[in-house]
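Engineer: sequence first, predicted coordinates after that:
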Amino acid sequence: VLAAAIAAEGNGNEQTGNEQTVDGFDTGWCTVDAMQHKWMTNSRRHAAQVDDGQRTPCSSSDCRRLRRQMVDSGQLSLFMHHMWIGGFLIVGAATDATIYMVRVYNSTTRYSDPLDHVLRHRDAIISHLNWGCIFLGFHSFGLYIHNDTMSSLGHP
């Protein structure tokens with residue numbers, strides 16, 4: 001497909017009039033459809049790699065107890081390596097999906113799509129996520145205060 005697209009466009013020196021931009025960014029020889037496909041494909045690939053990468057530490061170690069992993073530095077290093085890689089892939093998948101939603105997605109042609117419903121209710125979703133974060137933050141902070149108070153009073 002890539003060779004056919006390059007051959008159809010020539011050597012790239014002449015202007016064919018088929019150049020397209022996405023929000024002012026020149027896509028070069030790529031069409032807007034190719035850019036859409038690239039962003040969604042990257043997002044799905046990163047998400048699949050996260051699924052594989054996050055499963056590897058547990059399947060390779062038969063999910064040993066955490067106190068055993070703290071003694072075995074090789075096992076702990078392998079576990080943390082896969083967790084970090086999985087975290088980076090999650091960020092990559094979210095980034096590519098966000099680029100697709102912000103630059104490419106057209107709600108007028110895809111009305112009543114599941115993504116369209118999410119985008120139309122994003123304010124309510126963000127509000128609920130905000131309240132959830134506040135709830136978890138206050139309770140985590142409360143546990144820290146409780147534990148510090150108990151240890152300062154001499155209680156275990």
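Structural biologist: Perfect, thanks for sending it.

Engineer: okay, Thr98 and Arg120: tell me how far apart.
Structural biologist: Distance of Thr98 to Arg120, given as C-beta to C-beta, to the nearest Å: 17 Å. Where C-beta positions appear, they are placed from N, C-alpha and C, glycine not excepted.

Engineer: same deal with Met101?
Structural biologist: Taken as C-beta to C-beta, the span from Met101 to Arg120 is 12 Å.

Engineer: those two: which has the busier surroundings?
Structural biologist: Counted by other C-beta atoms under 10 Å, Met101 and Arg120 do not tie: Met101 has more neighbours, with 15 against 11.

Engineer: shouldn't that one be in contact with Leu119?
Structural biologist: Yes: using C-beta atoms under 8 Å, Met101 is in contact with Leu119, at 6.8 Å.

Engineer: how about the nearest residue to Arg120, chain neighbours excluded?
Structural biologist: Ser107 (7.9 Å; C-beta to C-beta, 6 or more residues apart in numbering).

Engineer: what of Asp113?
Structural biologist: Ser107 (7.9 Å).

Engineer: quick one: that neighbour from Leu129, how far?
Structural biologist: 22 Å.

Engineer: all strands in this protein, in order from the N-terminus.
Structural biologist: Ranges of strands in the chain, per DSSP state E, are 21-22, 25-26.

Engineer: now do the first one, average pLDDT.
Structural biologist: Taken as a whole, strand 21-22 carries a mean pLDDT of 46.

Engineer: what of stretch 91-100?
Structural biologist: Averaging pLDDT along stretch 91-100 yields 82.

Engineer: identify each buried residue in that stretch, please.
Structural biologist: Buried residues in stretch 91-100, counted by 16 or more other C-beta atoms under 10 Å: 92-93, 96-97, 99-100.

Engineer: which other residues reach stretch 117-128?
Structural biologist: By C-beta atoms under 8 Å, 6 or more residues apart in numbering, the surrounding residues in contact with stretch 117-128 are 101, 105, 107.

Engineer: what pLDDT does the residue nearest to the second one when sequence neighbours are not counted get?
Structural biologist: Counting by C-beta to C-beta, 6+ apart, Leu115 is the residue found nearest to Tyr105 once chain neighbours are left out, at 6.5 Å. pLDDT recorded at Leu115 is 75.

Engineer: hmm, Met101 and Leu115 touching each other?
Structural biologist: Yes: between Leu115 and Met101 there is a contact at 6.9 Å, judged by C-beta under 8 Å.
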